[in-house]
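# Sequence and predicted model, in that order:
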Amino acid sequence: MKVQQILEGFSNPPLELIAETLDLEITPLKLETVNWEEFPYHPDVAVQIAYNEDELFLQYKVKEQSVKAVVSESNGRVWTDSCVEFFLSPEGNDEYYNLEMTCIGTALLGFRKKGDATVHASDEQIASIRRVSSLGNKPLAERKEQTEWQITIAIPWKVFFKHELNLASGMKMRGNFYKCGDELTVPHFVSWTKIKTPQPSFHVPEFFGGLEFE
C-alpha cells in the first residue's frame, strides 16, 4: 500500500490537526481478514496511515460489541484488552517492531527478531508517542455494549530504537495492522493481510504486506 506524506515541514502538529488531516486526505484501510475460523467475530475496524519527516501517524476507528481496558502499565499485557496493533519491519526481513495500544492508549512497543525474545522500549520512549482516544485514558472494566471509538497516534521515528530511519519518498518497508481482544468475552483476531498459521499469532513477518512511502 502507498503511505502518503502529510503536514510536511510541520513539527509536532497537534493531534487534533493530525486527525482532521487524516480524515480529509487519507482513505481508510479496512481490516477485514478473519484468519482463524474458531474466532469468527469481526469488529468493524479501519486504519489511516501517513507520515512526515518527524513522525508516523496512525488513526484507528473501531466499532465492536464490547470494550475493555484494564491494563494500565506500559509494556503490559495490552493485547488482552480492546487493542489495535501495528507491526513494522523497516528492512523487510524477520526483524520488526510491534506497537500495540489499548482503546485508552496504554501502549507496548517492542523490537524482535523472529524466534528471539522481545526487547521493549523504555518508558521514556513510549511516553514520547503522542496519542488521544475518544474513550479517554482511564481504565475501563469490560463494557458489553456496541461501542465506537477512535484513537489517533503520532509516533516519533526515533522510537524505532534499533534503526536510524531517515524517511525519503520511495522508501519501502513491510508491516501489518491488527485488531484483537484476547480476553474479551468474545475474543477476536483480525488483520490487514492474511496470516496462515494454525493458531492465532501476529508475530509472523513472512505474512506482512508492502508499505511504500510516497
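In hand now; what should we look at?
# Run through the bridge partners of Ile151.
As for beta bridges, Ile151 partners with Tyr60, Ser133 under DSSP bridges.
# Also Leu108?
Note on Leu108: beta-bridge partners by DSSP bridges are Glu100.
# can you give me the helices for this protein?
In the chain, the helices defined using DSSP state H lie at 15-25, 123-127.
# which of these sits most buried?
helix 15-25 (a mean of 16; mean count of other C-beta atoms under 10 Å). Glycine gets a C-beta too; all of them are placed from N, C-alpha and C.
# Quick one: residues contacting Leu56.
49-50, 154-155, 157 (C-beta atoms under 8 Å, 6 or more residues apart in numbering).
# One more pass at 6 Å, please.
Ile155 (C-beta atoms under 6 Å, 6 or more residues apart in numbering).
# State the pLDDT value of Val47.
According to the prediction, Val47 has pLDDT 98.
# Please give me every residue in contact with it.
Counted by C-beta under 6 Å, 6+ apart, Val47 has contacts 29, 60, 177.
# Flag the shaky bits of the chain, pLDDT-wise.
168-169 (pLDDT under 70).
# I'd like to know which of the contacts of Val47 are buried.
The neighbour count (16 or more other C-beta atoms under 10 Å) marks 60, 177 as buried among the contacts of Val47.
# between the contacts of Val47, which is nearest Pro14?
When the contacts of Val47 are ranked by distance to Pro14 (C-beta to C-beta), Tyr60 comes first, at 18.4 Å.
# Does that closest one touch Ile151 like I think?
Yes. Counting by C-beta atoms under 6 Å, Tyr60 does reach Ile151; the two are 5.3 Å apart.
# What about Val209, how many residues nearby?
Wrong residue type there; residue 209 is Gly, not Val. Using other C-beta atoms under 10 Å, Gly209 has 14 neighbouring residues.
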